[in-house]
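**Q** Task: produce atomic coordinates for the following.
(one chain, ligands or ions: 2)
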Amino acid sequence: MDLYEYQGKQYFARYGIPISKGGVADTVDEAVAQADASGYPVVIKAQVKVGGRGKAGGVKLADNAEEARFHAGNILGLDIKGHVVKRLWVEHASDIAKEYYASFTLDRSAKKHLGMLSAEGGVEIEEVAVTNPDAIALLHIDPVDGLTLEAAREWVAAANLDEVAREQAAELLVKLYTCYTEGDCDLAEINPLILTPEDRVHALDAKVTLDANAAYRHPEWAEFEDSEGEDERETRAKERGLNYIGLDGTVGIIANGAGLAMSTLDVVNQCGGSAANFLDIGGGANADVMAAALEVINSDPKVKSIFVNIFGGITRVDEVANGVLEALKRVDISSPIVLRLDGTNAEAGRAILADHLSDRLVAEPTMLDAARTAVALAGGQS
Ligand code: GDP
Ligand code: MN
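**A** Numbers count the residues shown, from 1 in each chain. Ligands and ions are numbered 1, 2, ... in the order given. So this is what the prediction gives:
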């Protein structure tokens, strides 16, 4: 789950990371009031979940209320890479002596956390990585050891941060690491991390991605829930406890188990089709779950056929078959459904379905056959 800058800054603040005084505004009048409260000069910033807002005209400085009104009016409603600005963050503007870059993320191949620190911040770090890779000091951190202040001090020196900034930056990095680990982030990035002419180090931007799998231990994350910018179906699926990810194709997929769901995507591709989604209904394939899954997929206008691929293990196929029939009574499905049901009690399951099969509800003996049929029903090879 990505956070808006203002949410990321509030998250940082919980861990003692210094940020500028500011607040959000949803209207021009609110923006001016917030600017008055923050103290001029202020910076007015578009809140959209996409980078490069500065270049797109979404970050403006204002010296007085009149300028604040002008910029807030221009930025609200602005389209930044397909994201329309509905909310602003207004904060007291900082004087900038230096712009640095700092982030923590997971390096899966190294099985360690990866810190990236550069004295050349402000610009996109991908650009620095290409033009001047030596300017980024990488630090792999063993999650068991964590990041000590000692290690952070060596790191800020290795990254060539200005002498006056080093001690504050090292302390800030330890806090950012704590935020990243204890706060269960997939990414915690500050760009720019600035040094002011008064020799203060603090965060001017915040890019935070929370690890959705850790949501159960963070009830406070509820305030960050934001269906906007998220696939509407993904939101609805999440509400029903389904593991759904929207894709671009035309064959809707329902499978039990993440592994089988991924294999199903592969086999649909292999048959020349393309999946409209990933959907793992997990162990419980009862009528409620099946109805919810069919409903979510049915609401996707791209879907032309639905491939239900269930391998009964603990889940019994006869129960799944009853679940499918019950679900069909509740949901009016606009696409033909292709079933491949195998595993525990498969024969009993097929017998239950036998009388209900039609050109709208097709059963196939194997996964490959079912994929071929589903792709054909979706209009053939894409
Ligand atoms: P991004 O473009 O989406 O990454 O948005 P940022 O929050 O990083 O802002 C873009 C740029 O605006 C920064 O790199 C700064 O150069 C500038 N900027 C942001 N806040 C301030 C501020 O308080 N004072 C000054 N002088 N510049 C700022
Ligand atoms: Mn930035």
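
**Q** Can you tell me which residues in the stretch 201-350 of the chain are near ligand 1?
**A** 204-205 (C-beta under 6 Å from any ligand atom). Where you see a C-beta, it was placed from the backbone N, CA and C, and this is true even at glycine.

**Q** contacting residues for the residue of the stretch 201-350 of the chain at minimum distance from ligand 1?
**A** Scanning the stretch 201-350 of the chain for the residue nearest ligand 1 gives Asp205, at 3.4 Å (criterion: C-beta to the nearest ligand atom). By C-beta atoms under 8 Å, 6 or more residues apart in numbering, the contact list for Asp205 reads 5, 190-192.

**Q** what does Asp142 give?
**A** 112-113.

**Q** Now it: phi and psi?
**A** Dihedral pair for Asp142: phi -70, psi 120, per degrees, to the nearest 10.

**Q** For it, give its distance to ligand 2.
**A** 29 Å (C-beta to the ion, to the nearest Å).

**Q** ok, that residue to Gly115 distance?
**A** Counting by C-beta to C-beta, to the nearest Å, the separation of Asp142 from Gly115 is 12 Å.

**Q** again, but for Val42
**A** From Val42 across to Gly115, the span is 31 Å (C-beta to C-beta).

**Q** swap in Ser38?
**A** According to C-beta to C-beta, Ser38 and Gly115 sit 31 Å apart.

**Q** what's the answer for Val317, then?
**A** Val317 is 49 Å from Gly115, by C-beta to C-beta.

**Q** need the helices for the chain, in chain order.
**A** For the chain, the helices defined by DSSP state H occupy 5-14, 28-38, 65-75, 125-131, 149-158, 163-182, 232-239, 258-270, 287-298, 317-330, 346-354, 367-377.

**Q** give me phi/psi at Asp162?
**A** Main-chain torsions, Asp162, degrees, to the nearest 10: phi -60, psi 140.

**Q** For Leu357, grab phi and psi.
**A** Backbone geometry at Leu357, expressed as degrees, to the nearest 10, gives phi -70, psi 150.

**Q** Just give the closest residue to it, not the sequence neighbours.
**A** Excluding the flanking residues, the one nearest Leu357 by C-beta to C-beta, 6 or more residues apart in numbering is Ala363, at 5.7 Å.

**Q** who's in contact with Asp36?
**A** With C-beta under 8 Å, 6+ apart, Asp36 has these contacts: Ala65.
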